[in-house]
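A.B. asks: pasting the structure only:
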């Protein structure tokens, strides 16, 4: 598909840029081909004649002198390269795109309206989760109405009011984790002068929220920035969630907090290998080896927050984990990680009953990888790669359910006995 119109790079500018920017001291051009999603840009192929970061910085400076702010210049890995650069690392090429094509569009009024509506719905789903946690305490007529699909005549909903008030702390906790997650993104983006769009929160009745879709509203300067901004949200949300989870477990063993505890099925703790083991270590065998377990609401808030954080750190598409993997290991690695993730979600290996809805959510909303950075070649460094690898392992352990034999051996839930 050939693009015609103002989005395409002016051939006269291409000629001028080749003459003024490139040469034997920077980058010797030997060919060019279309660049961009629709071929609206130009990719210069050739041989690098110096340190790639220094050459790129010089070319960006010269481009501003020659064409002002009309274009963005990208340094990317050479497509279909037959080997590495003699200076070390991959061979590079330079892509040229008009600024209005390469930079995200500003947020519209309707997008703000949609974001507000989704936030209200998410707050409602968090409140619903809080009310559901109060289910054993609800009057029988309310339980019958909410659990029986055939119930048509609603009871006196005034009976629900006191339980809604007691459900608010859990709702605040779950919603607070999501807000803290987004604050982490914005705090990491601010010093790097990266613009972020308004978050679109995704309501979910099981976890309160599936997190939020937050778009980059400016072109990222390099892969390190992409990774740092991407992981800052899960790091913030995960830290707050783990703090809630840990404090909640400790309060669950405190006799003075008995009045605040709620009953949950012990099977809940079989939903996560990592969180189930931590709960077993704190609560002990006797508390866990039962049909129901008394826990503090903070445990549920932390559990939901950690699960949502783990889902968002899966290395696929445009999720935080996908962006981080693309930044740390490249687009080809993201394809491999993504296929593995889709397979594990499809088989129900990760996330249990939430694997299918989460997989559909990714396919519909988050399947496309993030666009390239201006400098899409320079690596993020070994310690960031190591930290990300450890994080992905923790994600898998969080979303991997406890298998029956291990759960029975550890006394997490009551095992079934054959007659």
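C.D. replies: That came through fine. Note that this is a predicted model, so its numbers are computed, not measured. Residues are numbered from 1 along each chain as shown.

A.B. asks: for the stretch 151-300 of the chain, what spans make up the helices?
C.D. replies: Per DSSP state H, counting those that start in this stretch, the stretch 151-300 of the chain has helices spanning 161-189, 223-252, 273-283, 285-288, 297-312. These are given in chain order.

A.B. asks: compute the inter-axis angle for the third one and helix 297-312.
C.D. replies: Same thing as helix 273-283. Compare the direction of helix 273-283 with that of helix 297-312 by axes from the mean of the first three to the mean of the last three CA atoms, to 10 degrees and you get 160 degrees.

A.B. asks: pull out the buried positions in stretch 35-49.
C.D. replies: 35, 36, 40, 41, 42, 43, 44, 45, 46, 48 (16 or more other CB atoms under 10 Å). Glycine gets a C-beta too; all of them are placed from N, C-alpha and C.

A.B. asks: farthest-separated two in these?
C.D. replies: Spatial extent of these (CB to CB) is set by the pair 40 and 48 at 24.7 Å.

A.B. asks: shaky segments in the stretch 201-350 of the chain?
C.D. replies: By pLDDT under 70, the stretch 201-350 of the chain has no low-scoring segment.

A.B. asks: could I get the buried residues of stretch 35-49 as TSV with pLDDT?
C.D. replies: Formatted as TSV, the buried residues of stretch 35-49 follow (pLDDT from 0 to 100):
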residue	pLDDT
35	87
36	81
40	83
41	87
42	90
43	92
44	92
45	91
46	88
48	88
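
A.B. asks: now render those residues as TSV, adding distance to residue 127 and secondary structure.
C.D. replies: As requested, the buried residues of stretch 35-49 are arranged in TSV below (distance: CB to CB, whole Å; DSSP: H, G, I helix; E, B strand; the rest coil):
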residue	distance to residue 127	secondary structure
35	48	strand
36	45	coil
40	46	coil
41	48	strand
42	53	strand
43	51	strand
44	55	strand
45	57	strand
46	59	strand
48	57	strand
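
A.B. asks: what is the nearest of the residues you listed to residue 19?
C.D. replies: residue 44 (12.3 Å).

A.B. asks: which residues pair with the closest one across the strands?
C.D. replies: Counting by DSSP bridges, residue 44 is bridged to residue 32, residue 94.

A.B. asks: and the gap between it and residue 76?
C.D. replies: Residue 44 sits 10 Å away from residue 76, going by CB to CB, to the nearest Å.

A.B. asks: what do those two both touch?
C.D. replies: Here residue 44 and residue 76 have 93, 94, 95 as joint contacts, going by CB atoms under 8 Å, 6 or more residues apart in numbering.

A.B. asks: do a quick rundown of the strands in the stretch 251-400 of the chain.
C.D. replies: 262-265, 292-295 (DSSP state E, counting those that start in this stretch).

A.B. asks: other SSEs contacting the first one?
C.D. replies: So that's strand 262-265. Applying 3 or more CB pairs under 8 Å, 6 or more residues apart in numbering; DSSP states H and E, we find strand 262-265 packed against strand 292-295, helix 297-312.

A.B. asks: the last one too?
C.D. replies: If contacts are counted by 3+ CB pairs under 8 Å, 6+ apart, strand 292-295 sits against helix 223-252, strand 262-265.

A.B. asks: for the nearest residue to residue 85 once chain neighbours are set aside, give me the pLDDT.
C.D. replies: Across the structure, with CB to CB, 6 or more residues apart in numbering as the measure, the residue nearest residue 85 apart from its sequence neighbours is residue 91 (4.7 Å). With respect to pLDDT, residue 91 scores 88.

A.B. asks: wait, what's in contact with residue 91?
C.D. replies: 48, 77, 78, 81, 83, 84, 85.

A.B. asks: can you redo the helices and strands packed on strand 262-265 as CSV with mean neighbour count and distance to residue 364?
C.D. replies: Below are these laid out as CSV (neighbours: other CB atoms under 10 Å; distance: least, CB to CB, whole Å):
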stretch, mean neighbour count, distance to residue 364
strand 292-295, 20, 34
helix 297-312, 26, 15
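
A.B. asks: picking up where we left off before, can I get the strands of the stretch 251-400 of the chain in CSV with distance to residue 248?
C.D. replies: Below are those laid out as CSV (distance: least, CB to CB, whole Å):
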stretch, distance to residue 248
strand 262-265, 11
strand 292-295, 7
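
A.B. asks: now the nearest residue to residue 379 once chain neighbours are set aside: how far from residue 197?
C.D. replies: The shortest distance from residue 379 to any non-neighbouring residue, by CB to CB, 6+ apart, is to residue 223 (7.0 Å). In this view, residue 223 and residue 197 are 20 Å apart by CB to CB.
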